[in-house]
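Q: Provide a 3D model corresponding to the input given below.
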Amino acid sequence: MHLSSPLIIASIKVYFSGVANVDDRAEFQKFLRKLKEVKNAEIPFTLILDDPLANSHVQNLYAPDPDPNMEIVTYERTWQQNEDLGLNDMNVELYSSGDTKDGDIKTQMS
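A: Sure thing, here's the model as predicted:
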């Protein structure tokens, strides 16, 4: 995976365009150095990918064998995650489980 440097350059521009004290600036520069080390795989790191919709893909380079460096954890979304995704207020009561043609959804009206 290649992280492009425009992200880092944009962060530098945003950071230095405002007023910052010397300690904040030095701390941010330290963060950017560490981020570049991670990007270049110079230091070990752990990537935690929390994707409540399961829309992400991480390639297993050991396939079809399991990747010894990867842990996959499947979990139920929390109420708050469902709320953030707009799933708690979905009304599906009008949808029937009856026959459909060509993907059409039949509704039952009372």
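
Q: contacts and neighbour counts: CA atoms only from here.
A: OK.

Q: how about the helices in this structure?
A: Residue ranges of the helices in the chain, as given by DSSP state H, are 5-17, 22-39, 79-84.

Q: mean pLDDT lowest for which of those helices?
A: Mean pLDDT per stretch puts helix 5-17 lowest among these, at a mean of 46.

Q: Next one: Leu47 from Asn88, what distance?
A: Per C-alpha to C-alpha, to the nearest Å, Leu47 is found 29 Å from Asn88.

Q: before we move on, what about Asn60?
A: From Asn60 to Asn88 the distance is 33 Å (C-alpha to C-alpha).

Q: more neighbours, Leu47 and Asn88?
A: Asn88 (12 against 6; other C-alpha atoms under 10 Å).

Q: now that one, nearest residue through space, not along the chain?
A: In space, and not counting its chain neighbours, Asn88 is closest to Asn82: 5.8 Å by C-alpha to C-alpha, 6 or more residues apart in numbering.

Q: in stretch 68-77, what's buried?
A: For stretch 68-77, the neighbour count (16 or more other C-alpha atoms under 10 Å) marks no residue as buried.

Q: Alpha carbons only: can I get it in PDB?
A: Extracted C-alpha coordinates of stretch 68-77, given in PDB (Å, rounded to 0.1, in the frame of the first residue of the first chain):
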ATOM      1  CA  PRO A  68      -0.300 -15.100  10.900                       C
ATOM      2  CA  ASN A  69      -0.100 -11.300  11.300                       C
ATOM      3  CA  MET A  70      -3.800 -10.600  10.900                       C
ATOM      4  CA  GLU A  71      -6.500 -11.000  13.400                       C
ATOM      5  CA  ILE A  72     -10.100 -10.800  12.100                       C
ATOM      6  CA  VAL A  73     -12.700 -10.000  14.800                       C
ATOM      7  CA  THR A  74     -16.400 -10.100  13.800                       C
ATOM      8  CA  TYR A  75     -18.800  -8.200  16.100                       C
ATOM      9  CA  GLU A  76     -22.300  -6.900  16.300                       C
ATOM     10  CA  ARG A  77     -22.600  -3.200  15.700                       C
END
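
Q: Thank you, goodbye.
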